[in-house]
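Participant: Generate coordinates for the sequence data below:
(one chain, ligands or ions: 2)
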Amino acid sequence: MLSVHGLSKSFGERVAVDGISFAIASGEIYGLLGPNGAGKTTSISMIAGILARDTGEITIDGISIDDGPPARAMIGIVPQSITLYLDLTARENLDFWGRMYDLSGAALRDASDGALDAVGLTRRADDIVGTYSGGMQRRLNLACGILHRPKLVILDEPTVGVDPQSRSAIFDLVERLRDAGTAILYTTHYMEEAERLCARIGIIDSGRLIAEGTRAELVARLGQEARIEIGVGRGDSLERAERIVSELEGVVSATVENSHLHVIADHGANRLPTLLSALLNAGTVTESVRVVEPNLEDVFLRMTGRALRD
Ligand SMILES: Nc1ncnc2c1ncn2[C@@H]1O[C@H](COP(=O)(O)OP(=O)(O)OP(=O)(O)O)[C@@H](O)[C@H]1O
Ligand SMILES: [Mg+2]
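Facilitator: Ligands and ions are numbered 1, 2, ... in the order given. Next up is the predicted model:
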């Protein structure tokens, strides 16, 4: 459905997107994960035809977005920031977006009703959007993007700041769109969302796509590595334990998180005796040990590093 090849964009000296390529099939949810400033929103904006690209080919259904019908007819974009008129009602907002997508009359009314129903806002359709809660505004933002039943829906961090109910409603909607054959490009910082929703995931960093695959394929890139979570006695310093463990052979990384020492070790649980005896010899009391299968977050941090982005 969507094919992107060699997409690039610079803002002055800064290269925001540096030659990324990927494809999404109909009925597939593709997750784009990356740290802040990785180039996700810039990529999405170029795909949606909102931002001019420097280089690259973008085709939808085999037709270049430069040659075919306007991109806006084929693509529904749900932007990262809320793009609603707060002094209008939900229905008036949908009318506005509907006209942008060349809908009018009965077709527009049907589309609006369908979109309101899909996000559970039918009862509040005639309320002023400024009186909506944040989560309701997010859901309406989503309704505006799917109004014209596009073949490709792009969601840029759609669940930021929403409660578990709204999040779950958004997931259900995204899955219904997928089941109806829509191709979906989904960006998020929440790894569990990507694990739950996305058939394939691309990891983008500094404008480049550095890894791509199913959750299982990405986790397999960690090879024999496992995560070991260690709790130490009350009187013991986690930082000291971290220093001791960091220096051991086979330890890929050791960090303190949630009052536990998180260790990534090669050959997984086989490193446990070494870890535990090193702690014991240093006089640290080990209170709990858990060996956890690596998850997407481990892969993400391993591939993108821990440094904060500007
Ligand atoms: N209009 C612009 N002018 C100048 N630089 C820009 C512009 N838009 C984006 N950038 C830069 O391009 C880079 C990529 O930004 P982008 O918004 O695409 O990141 P992102 O992956 O969406 O990040 P986030 O997770 O924080 O939303 C950043 O360094 C950003 O500062
Ligand atoms: Mg962004």
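
Participant: how would you label the spatially closest residue to G56 that is not a sequence neighbour: helix, strand or coil?
Facilitator: Leaving out its chain neighbours, the residue that sits closest to G56 by C-beta to C-beta, 6 or more residues apart in numbering is L7, at 3.4 Å. Yep, even glycine has a C-beta here, placed from its N, CA and C like the rest. Local secondary structure at L7 is given as strand here, using DSSP: H, G, I helix; E, B strand; the rest coil.

Participant: Read off the pLDDT value for L7.
Facilitator: Looking at L7, its pLDDT reads 97.

Participant: so what's I184 up against?
Facilitator: I184 makes contact with 24, 28-30, 152-155, 174, 177-178, according to C-beta atoms under 8 Å, 6 or more residues apart in numbering.

Participant: And the spatially closest residue to L116 that is not a sequence neighbour, how far from S112?
Facilitator: Distance criterion C-beta to C-beta, 6+ apart; nearest residue to L116, sequence neighbours excluded, is T122 at 4.8 Å. For T122, the distance to S112 equals 10 Å [C-beta to C-beta, to the nearest Å].

Participant: of the two, who's got more company?
Facilitator: Counted by other C-beta atoms under 10 Å, T122 and S112 do not tie: S112 has more neighbours, with 24 against 14.

Participant: Quick check: the closest residue to the more buried one other than its chain neighbours vs D117, distance?
Facilitator: With sequence-adjacent residues excluded and distances taken as C-beta to C-beta, 6+ apart, S112 is closest to L94, at 4.2 Å. Per C-beta to C-beta, L94 is found 12 Å from D117.

Participant: Likewise for H5?
Facilitator: 37 Å.

Participant: got it, and I50?
Facilitator: Taking C-beta to C-beta as the measure, I50 and D117 are separated by 27 Å.

Participant: now G268
Facilitator: 48 Å.

Participant: Could I get the contacting residues of the residue of the stretch 201-310 of the chain found nearest ligand 2?
Facilitator: Proximity of the stretch 201-310 of the chain to ligand 2 (C-beta to the ion) peaks at I204, 10.6 Å away. Contacts for I204 were tallied using C-beta under 8 Å, 6+ apart; they are 20, 32-34, 38-40, 43, 210.

Participant: swap the cut-off to 7 Å and go again
Facilitator: 20, 32, 34, 38-40 (C-beta atoms under 7 Å, 6 or more residues apart in numbering).

Participant: Can you flag which of those residues belong to helices?
Facilitator: Using DSSP state H, K40 are the members of the contacts of I204 that sit in helices.

Participant: contacts with ligand 2 among the contacts of I204, please.
Facilitator: K40 (C-beta under 5 Å from the ion).

Participant: now the contacts of I204 in CSV, with neighbour count?
Facilitator: Putting these into CSV (neighbours: other C-beta atoms under 10 Å) gives the following:
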residue, neighbour count
I20, 23
L32, 28
G34, 25
A38, 24
G39, 25
K40, 25
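
Participant: Closest one of the contacts of I204 to M303?
Facilitator: Using C-beta to C-beta, G34 comes nearest to M303 of the contacts of I204, at 10.0 Å.

Participant: Not counting its neighbours along the chain, what's nearest the closest one?
Facilitator: Of all residues not flanking G34 in the chain, I204 sits nearest, at 3.8 Å (C-beta to C-beta, 6+ apart).
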